[in-house]
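Novice: build me a model:
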Amino acid sequence: MSTITTRNPATGETLKTYDLMSESEAMKRVDAAHTAFEDWRALSHADRAPYLKKIAQKLRDNADELANLMTRETGKLYKDGLTEVEICAAIFDYTAENGPDTLADEERTHGDGQRGIVTYQPIGVIYSIQPWNFPLYQPVRVLAANLMTGNACVLKHASICTGSGLRLRELCIEAGLPEELFQVLIIDHDVSDKLIEHPKVRGVTMTGSDGAGRHIGSVAAKALKKTVLELGSNDAYLVLENADIETAVKYSVMGRLYNNGETCVSAKRFVVTDAVYDAFVDAFVKQMQAIQMGDPMDENTQLGPLSSEDQFDTVRQQVEESVKNGAKVLCGGTVPDRTGAFYPATVLGDVKPGMPAYDDEIFGPVASVIRAKDDEDAMRIANDSRYGLGGGIFCKDEEHALELARKHFDTGMVRINSFGAADPNMPFGGVKDSGYGREHGGFGMKEFANAKAVFLP
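Specialist: Prediction:
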């Protein structure tokens, strides 16, 4: 039987080895989830809410253990792991508190004033395929919404954070969730593809690269399964002509280095107008140079390792290719002589189309600086991407920034004079090659619900 082994990317230490499940075992887990769904669907939304509340409390009660596990498996800062646990608990709380109203029946009329009802009903087992960068948050945002809707959930987590996925399931069961309703599968990609075709899998949601999204989306489409895809991005943050430089630099550093730079909605491309280019770049580079890289368990560390040696190699190659094609290293870019998958905070200037730093997503602490002639040119450059997940605008005139965000920024999310990853009360998702569908803000609860029309005479 094949196995997978998890390792600490900061030390290279082997953590644990897991056996891969056979195809038949994986299919049995789906069947078990469906059986549990038949009972779960009979509960009202209000009856489901207390289960979510108890899971939220269980996460908070085990925050230290969970943060420690996530740090050991992926190299994220321990303090960021604690924040992640609280975000997950808040998502369960939000869903419990708002789900019954969000999913309540809606009264409509049809024909010549006859009564109609739209009722949001669960559909069955939802297959969730999730990445490693937020080992708890990624599966939780799918799980919380679908439990409230009345669905069952089957998770295939990234192999490097297998322990985090299994511990999440244990805590859900400890909180009282029916044992078979949420399954965690340890399977390879071939079994995963076959699982999508399982007749009791009614929807597929996946977070990951656009390449993986194309594959999952195509397999699901052939099986006529609805999908929600949250894919990669190369988010642009605009520094406009009247931007407050101190604010722009503060949030640009935060936005590029949050979670060691391994975040789909990280600030990645910094499109800076001529009027403030020198002032921004000088201050930005100075602060990036001062970032303390080290042990992710140390509270003074600002930047930990990348999640794996493979991820480290990918980032290094992307930077090297960009430099080969004309990008200039303004700071960082030199691999430290130390154990672990550590890559320094790096700023690349003179970034142009044709370079990975311009065209692709660099999933690590590497910032691409692009010069724009003026505000209009900056907006053009920001939209010159196959991606469209998030982005940001630094501008003292908030109404001008709001106008650009609302009508011109071709993304699913825009931050104005700030940076943040996700909020339970705001929709999360993108456009173009960043995928489709929405999570959070009540939207996720309806993605895999049957909006059923009932016509009364």
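
Novice: contacts, neighbours, all on C-alpha from now
Specialist: Fine.

Novice: and the longest strand anywhere in the chain, what's buried?
Specialist: The longest strand of the chain (DSSP state E) is strand 114-122. For strand 114-122, a neighbour-count test (16 or more other Cα atoms under 10 Å) marks Gly116, Ile117, Val118, Thr119, Tyr120, Gln121, Pro122 as buried.

Novice: between the residues you listed, which is nearest Ala243?
Specialist: Closest approach to Ala243 among the buried residues of strand 114-122 (Cα to Cα): Tyr120, at 44.9 Å.

Novice: Val454 is in contact with that closest one, correct?
Specialist: No: judged on Cα atoms under 8 Å, Tyr120 makes no contact with Val454 at a distance of 10.8 Å.

Novice: need the residues touching each of these two.
Specialist: Counting by Cα atoms under 8 Å, 6 or more residues apart in numbering, Tyr120 and Val454 have no common neighbour.

Novice: hang on, Tyr94 packs against His440?
Specialist: No: taking Cα under 8 Å as the definition, Tyr94 is not a contact partner of His440, at 9.3 Å.

Novice: can you check which residues contact both of these two?
Specialist: Both Tyr94 and His440 are in contact with Pro424, Asn425, where contact means Cα under 8 Å, 6+ apart.

Novice: from the contact counts, what lies against the helix or strand hosting Val228?
Specialist: For Val228, the element it lies in under DSSP states H and E is strand 226-230. Counting contacts by 3 or more Cα pairs under 8 Å, 6 or more residues apart in numbering; DSSP states H and E, strand 226-230 is packed against strand 201-207, helix 210-222, strand 435-436.

Novice: need the residues that contact that strand.
Specialist: Contacts to strand 226-230, defined as Cα under 8 Å, 6+ apart, come from residues 202-208, 213, 217, 220, 429-430, 434-438, 447-448.

Novice: 7 Å instead?
Specialist: 203-208, 213, 217, 429-430, 434-437 (Cα atoms under 7 Å, 6 or more residues apart in numbering).

Novice: which member of the residues you listed is positioned nearest Asp375?
Specialist: Nearest to Asp375 among the contacts of strand 226-230 is Gly430, at 23.1 Å by Cα to Cα.

Novice: the stretch 51-200 of the chain: helices as residue ranges?
Specialist: For the stretch 51-200 of the chain, the helices defined by DSSP state H, counting those that start in this stretch cover 63-74, 78-102, 137-149, 162-174, 189-196.

Novice: now for these, which one comes closest to Phe182?
Specialist: That would be, of the helices of the stretch 51-200 of the chain and by Cα to Cα, helix 162-174, which comes in at 6.7 Å.

Novice: got the contact list for the closest one?
Specialist: Applying Cα under 7 Å, 6+ apart, the external contacts of helix 162-174 come out as Ile55, Lys58, Leu69, Met70, Pro135, Leu136, His157, Glu179, Phe182, Val184.

Novice: hey, what's Glu230 bridged with?
Specialist: Counting by DSSP bridges, Glu230 is bridged to Thr207, Gly435.

Novice: what about it, how many residues nearby?
Specialist: 27 (other Cα atoms under 10 Å).

Novice: for Glu25, same thing?
Specialist: A count of neighbours around Glu25, defined by other Cα under 10 Å, yields 13.

Novice: which element is it on?
Specialist: Following DSSP H and E, the helix or strand that holds Glu25 is helix 23-40.

Novice: what does Asn450 give?
Specialist: strand 449-455.

Novice: who does that strand pair up with?
Specialist: strand 114-122 (antiparallel).

Novice: can I have the partner strand written out in PDB, keeping just the CAs?
Specialist: Provided in PDB are the C-alpha atoms of strand 114-122 (Å, rounded to 0.1, in the frame of the first residue of the first chain):
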ATOM      1  CA  GLN A 114     -51.000  32.800  -6.800                       C
ATOM      2  CA  ARG A 115     -48.700  31.900  -3.900                       C
ATOM      3  CA  GLY A 116     -45.200  30.600  -4.600                       C
ATOM      4  CA  ILE A 117     -42.400  29.500  -2.200                       C
ATOM      5  CA  VAL A 118     -38.600  29.200  -2.900                       C
ATOM      6  CA  THR A 119     -37.100  26.800  -0.500                       C
ATOM      7  CA  TYR A 120     -33.400  26.100  -0.100                       C
ATOM      8  CA  GLN A 121     -32.900  22.300   0.300                       C
ATOM      9  CA  PRO A 122     -29.700  20.300   0.700                       C
END
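
Novice: who's in contact with the residue lying closest to Pro139 once chain neighbours are set aside?
Specialist: Spatial nearest neighbour of Pro139, excluding adjacent residues (Cα to Cα, 6 or more residues apart in numbering): Gln130 at 6.3 Å. For Gln130, the residues meeting the contact criterion (Cα under 7 Å, 6+ apart) are Gln138, Pro139, Lys156, His157, Ala158, Met206, Thr207, Gly208.

Novice: the fifth one and Pro131 touch, don't they?
Specialist: Yes: taking contacts as Cα atoms under 7 Å, Ala158 lies within contact range of Pro131: 5.0 Å.

Novice: report pLDDT for Gln114.
Specialist: According to the prediction, Gln114 has pLDDT 96.

Novice: not counting sequence-adjacent ones, nearest residue to it?
Specialist: Pro457 (5.9 Å).

Novice: any idea how far Ile117 is from the one you found?
Specialist: Going from Pro457 to Ile117 by Cα to Cα, to the nearest Å gives 11 Å.

Novice: tell me the buried residues in stretch 404-411?
Specialist: The neighbour-count check on stretch 404-411 (16+ other Cα under 10 Å) flags Leu404, Ala405, Phe409, Asp410, Thr411 as buried.

Novice: Ile4: how many residues sit nearby?
Specialist: Residues lying near Ile4 (other Cα under 10 Å) number 15.

Novice: and if you look at the one 4 residues further on?
Specialist: By the criterion of other Cα under 10 Å, Asn8 has 23 neighbours.

Novice: so who does it touch?
Specialist: Going by Cα under 7 Å, 6+ apart, Asn8 touches Thr14, Leu15, Arg72, Glu73, Thr74, Gly75.

Novice: one more: Pro305?
Specialist: So Pro305 contacts Pro9, Ala10, Gly75, Gly340, Ala341, Phe342, Tyr343 (Cα under 7 Å, 6+ apart).

Novice: by neighbour count, which of the contacts of Asn8 wins?
Specialist: Result: Gly75 is most packed of those (other Cα under 10 Å), 31 neighbours.

Novice: any chance of the contacts of Asn8 in CSV, with distance to Leu168 and pLDDT too?
Specialist: Shown next, in CSV, are those (distance: Cα to Cα, whole Å; pLDDT from 0 to 100):
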residue, distance to Leu168, pLDDT
Thr14, 21, 98
Leu15, 17, 98
Arg72, 16, 98
Glu73, 14, 98
Thr74, 16, 98
Gly75, 18, 98
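
Novice: between those, which is closest to Asp278?
Specialist: Nearest to Asp278, judged by Cα to Cα, of those is Gly75 at 33.8 Å.
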